[in-house]
Structure formats: structure tokens, C-alpha cells
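Trainee: Sequence and computational prediction follow.
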Amino acid sequence: MAQPIPAATPAIEVRGLHKSFGDNEVLKGIDFHVDQGEVVCVIGPSGSGKSTLLRCVNRLEEPTSGTIIVEGLDITDKDTDLDGVRTRIGMVFQQFNLFPHLNVTRNLTLAQMRAKKRNKAEATEVAERNLAKVGLAEKADAFPAQLSGGQQQRVAIARALSMDPDMMLFDEPTSALDPELVGDVLDVMKQLAKDGMTMMVVTHEMSFAREVGDRVVFMDGGVVVEQGKPEDVLGNPQHERTKLFLSKVL
Amino acid sequence: MKPSTRKRLSRGVLYAIFVLAVVAVVLVADGEAIRTNFLDLDVAAETFPGLITIAAKNTVVYTVIAFAGGLLLGLVLALMKLSPVGPYRWAATAYIELFRGLPALLVIFGFAFAVPIAFEWRPPGGSTGAGLIGLIIVSAAYIAETIRAGIEAVPKGQVEAARSLGMRPSWTMVSVVLPQAFRIVTPPLTNELVIIIKDTSLLFIAGMALGDRELTTFARDAVSSQANATPLVMAALMYLVITLPLTQLVAKLERHNKRGR
């Protein structure tokens, strides 16, 4: 963990965020935050901009305008050490994106050694610990292609955790999985939430949002339409668009 | 006529044409002349030691140097072509277009003369060394395009994953993108290597000391000194002895690498 951050500082704070791809405005002024230790689930129809919002938070997408503050640090500032900030933000992708040419252990140690300057022994120890945490200690020497989708995604989570991040971003982590493999990945995420990890989860898993989320954010058409406690947003939506969306997915 | 009969008939005609063509060539060719001129065992015995210790050795050495140089320069050019800095991109594009558009023979000849004059520097290996620079220059142009295609074929998610873990662009390229890119382009790179093996025969144009001769030049000299074409056949066989195991080896390597994909 980095130097302690005052408890009142949000982990993630987004102000007036706009993002356009050419003429297509995907985010139309987003104000959004995630508190420390909070689990926020972002839901919404495809094309609503939820993944783009998530990807702006570690600047995989370059915001067109607006401010993104991570642990009090403005990451839209050109002078911010973006690589340093990224080591504190774990990210899990829909397509896992494990490094196919490296075995599981090397997948977990590579960035530790390159970006955190840990030595090999230390990095391997951290990798073993996180592999055990996701229940895949015995797969340390396997290559990604030898694993199931669910196992690959759990390795990807362990890879992100090996950087000792302060928060985790999940971009539809179970959308590319066979239905019977979704549960294992969600279990790992639930355990993370229980351990107090700050999480921003873009998901279609409404049951996960309801059970694990501290807050649910519904996005549509590039704006935040509605947000609140899961039981309120999912159980008693106030907006027509939320109702329409939920009627289709629930 | 039934379709099956027609099919059998046309297949039979194709075989007949092939057999007739082979028979015609054998009948027309003078077997005895071929044997004495191309397959003379005494000439073969006399040529063989030099063919191995000088010619084949030099061909391999030149190939290794040209491929290593071409790979290194090609990698630099590929990275330049993908650079966000305009002048690098333009320079790489100009280089690649120029040297892919010129005959290798002309470039080798040109560099063998130009390098010593332009830089007042005699490359090690004399005129053969200077010719090798030309060969490196040409192969780099082709290899650069191959490597660039490989880099672009690595899924974007790989870069995103590495960057999201806080890895710098340079480390991402070295540890994540390039290893995968080289696996993707192993077959076309093998192709480049085989082409280089054969293109070492163009080095003679730079002028060659006796000990520097590679397979083709050595065979040509032997043909004129022995007044017999057997060395040509031997050189041809030597090329195959080098290239065939190589392509097999790479195919095996490729199957092995599939594991990681």
C-alpha cells in the first residue's frame, strides 16, 4: 500500500467527464465517485458508456474533457505519474488478457518486477499468495491456453492483486464466460469485497450487484440516470429508462 | 457418358500426358552427356573438401551475419514505422519502399563501392564485408514489414493489460508485444531466412577473395577450372542440405510455440 490517504478522500472521483470517439459522444458529462472500501456496480444497456467510464478511470481511454481524481491525485493532469497510479488500480478485463506466452506465475510476476521493482523471489511469493487466494495454487506452471475461461479470469484477478492495488476495476468480468464458470469468478470477487477492497464493477450480473454492491449506478446514453442502494435501484427504480432496462434483464 | 466415367477418363488423360512428357525428356536428353558433365564422380571427389570447408561454411556464415543484421535493423525500422514521431515513420517508410523496389544485386554492388568511399571506412571482411552490408540493408527492408505486421497482429488487449499493471510502454513492447509478435511471424521470417541463404550467392558482385567464396561462386570457379558442371549439382545439393532441415526445424518450433497461444 502507498502512503495513507485520508479516509474522507474518495478512491475515485469523476467530474464533468466527456468522451467522444470522433463525432460519437459516448460520455456526456459524468459525475461519479467511489468511496474507499465501497463496491459500486455500474449497470446499463450496451453502448451506454459504462465500460468507457471504467476505462477512463485508469486512462486506458483518454477523456475528451473533465477531471478524474484517484485518491486525491488528478490523473488527467499531464504531469501525473500515470504508470505509478496504475499500479494502485487493478484492472480485470472481459477477455482476461493474460499474456499467452508466459506461464501463470510469470504472468503474475512480470509487472511486479518491471513496475514495482520487486526481486524475483519476492514477486514469486506474492504471486503464490494471490494464486492461493483465487484457488489456483496448483496452476502456477500452466500456460493460459491450458486453463478454462473461468480459471483464466481468476488468474487475471490474481495478477491484478499481485500489484497490491488500493482498488479494483472490473470490466464485465464474467461476460465472456460459459455460464457454469461464472460462479467461481463471482465467488472470488465476493471474497474480495468482503475483505474490504474498493471495487468498481461494470456488470450484467444483477444478482451480484444486489448481493455484493454497496451502490448501483445505472447508466444509459452516456449519462448516469439513477444511482443508490441496490435494493432501491433494482427493486424500486424511479426512472422510466431504468425500469425499461430492468424489465429486460431481470 | 456418365459423370463418373468422364471423370475417370480425364484423370487418365492427365496421367498419360505426364508420363509422355517424362519419357520425351528422357529420350531427347543425352543421358551419357549428362552423366559425364554433371555427375562426374572424380570431379565430385576433388571438389568436395573445398565445397564443405570453404563454400558451405561461408554461405552459412554470411547467412547468419545477414539475417542477424537484417533482423536487428528490421526491428528498428518496424518500431520506427509504428512510432508516434512523424519523421521516424516517414524515414522508415521511405527506406522500406526504396530498398524493396531495387534489385538486391544492385544494392550489394552499390554498397560495396559506396561504403568505403562515403565513410572512408573499410568494413571488416574487405569487399565481401561491404557486400554483406548491402545484403543486410535489403533484407532489413523486408523483415521490417514482416515484424511490423506481427506487432500489429498482437491483440490490443495485451498492451492494455500490461499498461494497466503500470508497465511502461518500452517494457510492454519488450516483454509482452515483441515475444508474441515474433511467434506470429515465425513462418514469414523463415521465408526471409531461406531467401537470404540464396541471396548470399549475389555477394560475388562485390568482388571476392578466393577464401571468401560461397557455394555458388565456388561452384562456378570449379566449373571453369575443371571444365565440368558437376560442382553446380553439388552446390545445389548443399543448398538443399542447408535449407530443408531448417524449414523442418522451424515447423517443429512453431508447433511447440502453439502451446503458448
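Mentor: Done, it's in. Numbering: from 1, shown residues only, chains lettered A, B, ... in the order given.
Trainee: tell me the secondary structure for the residue nearest the centre of chain B?
Mentor: Taking Cα atoms, centre = their mean, the centroid of chain B lies closest to B:I195, which sits 1.9 Å from it. Following DSSP: H, G, I helix; E, B strand; the rest coil, the label given to B:I195 is helix.
Trainee: Surely A:I68 is within a strand?
Mentor: Yes - when three-state DSSP is applied, A:I68 is found to be in a strand.
Trainee: Flag the shaky bits of chain A, pLDDT-wise.
Mentor: Low-confidence segments of chain A (pLDDT under 70): A:1-7.
Trainee: got the contact list for the residue nearest to the centre of chain B?
Mentor: B:S139, B:Y142 (Cβ atoms under 8 Å, 6 or more residues apart in numbering or on different chains). Backbone N, C-alpha and C define where each C-beta goes, glycine included.
Trainee: which residue is nearest the middle of chain A?
Mentor: By Cα atoms, centre = their mean, the most central residue of chain A is A:L169, 1.3 Å off.
Trainee: and it, that's in a helix?
Mentor: No - counting by three-state DSSP, A:L169 is located in no helix; its state is strand.
Trainee: What's the local residue count around the residue nearest to A:P63 when sequence neighbours are not counted?
Mentor: Distance criterion Cβ to Cβ, 6 or more residues apart in numbering or on different chains; nearest residue to A:P63, sequence neighbours excluded, is A:C56 at 5.2 Å. Number of residues near A:C56 (other Cβ atoms under 10 Å in any protein chain shown) recorded here: 26.
Trainee: what does B:T186 give?
Mentor: By other Cβ under 10 Å, the residues close to B:T186 number 15.
Trainee: Next one, pLDDT for it please.
Mentor: pLDDT for B:T186: 90.
Trainee: from what I can see it touches B:L253, true?
Mentor: Yes - taking Cβ atoms under 8 Å as the definition, B:T186 is a contact partner of B:L253 at 6.8 Å.
Trainee: anything in contact with each of the two?
Mentor: Common neighbours of B:T186 and B:L253 (Cβ under 8 Å, 6+ apart) do not exist.
Trainee: Would you indicate which residues of stretch A:178-189 are buried?
Mentor: A:L181, A:V182, A:D184, A:V185, A:L186, A:V188, A:M189 (16 or more other Cβ atoms under 10 Å in any protein chain shown).
Trainee: How about the residues of the stretch 101-250 of chain B by chain A?
Mentor: For the stretch 101-250 of chain B, the contact set with chain A under Cβ under 8 Å from any Cβ of the partner chain comprises B:155, B:157-158, B:160-168, B:171, B:175-176, B:179-180, B:183.
Trainee: do that again at 7 Å, thanks
Mentor: For the stretch 101-250 of chain B, the contact set with chain A under Cβ under 7 Å from any Cβ of the partner chain comprises B:157-158, B:160-161, B:163-168, B:171, B:175-176, B:179-180, B:183.
Trainee: looking at those residues, which has the most residues close by?
Mentor: Compared across these, B:L165 has the highest neighbour count, 29 neighbours, by other Cβ under 10 Å.
Trainee: Enumerate every residue touching the residue lying closest to that residue once chain neighbours are set aside.
Mentor: Using Cβ to Cβ, 6+ apart and skipping the chain neighbours, the partner closest in space to B:L165 is A:A111 (3.6 Å). Contacts for A:A111 (Cβ atoms under 7 Å, 6 or more residues apart in numbering or on different chains) come out as A:M163, B:L165, B:G166, B:M167.
Trainee: can you give me the helices in chain B?
Mentor: B:3-28, B:31-38, B:41-50, B:57-81, B:86-100, B:104-119, B:126-153, B:156-164, B:169-171, B:178-184, B:186-199, B:215-226, B:230-258 (DSSP state H).
Trainee: Relative to A:S20, tell me which of those helices wins on proximity.
Mentor: helix B:156-164 (19.4 Å; Cβ to Cβ).
Trainee: Leaving aside the residues adjacent along the chain, what's closest to B:P188?
Mentor: Per Cβ to Cβ, 6+ apart, closest to B:P188 is B:T146, 4.8 Å.
Trainee: Tell me who's in contact with that neighbour.
Mentor: Listed by Cβ under 7 Å, 6+ apart, the contact partners of B:T146 are B:V185, B:P188, B:L189, B:E192.
Trainee: what's downstream of the longest helix seen in chain A, the next helix or strand?
Mentor: With secondary structure taken from DSSP H, chain A has its longest helix at helix A:179-194. The element immediately downstream of helix A:179-194 (helix or strand, assigned by DSSP states H and E) is strand A:198-202.
Trainee: so what secondary structure elements neighbour that next one?
Mentor: On a contact count with 3 or more Cβ pairs under 7 Å, 6 or more residues apart in numbering or on different chains; DSSP states H and E, strand A:198-202 meets strand A:39-43, helix A:50-57, strand A:167-171.
Trainee: most tightly surrounded among the ones you listed?
Mentor: Sort those by mean neighbour count, taking mean count of other Cβ atoms under 10 Å in any protein chain shown, and strand A:39-43 sits at the top with a mean of 26.
Trainee: Show me what it pairs with in its sheet, parallel or antiparallel.
Mentor: strand A:198-202 (parallel), strand A:215-220 (parallel) (DSSP bridges).
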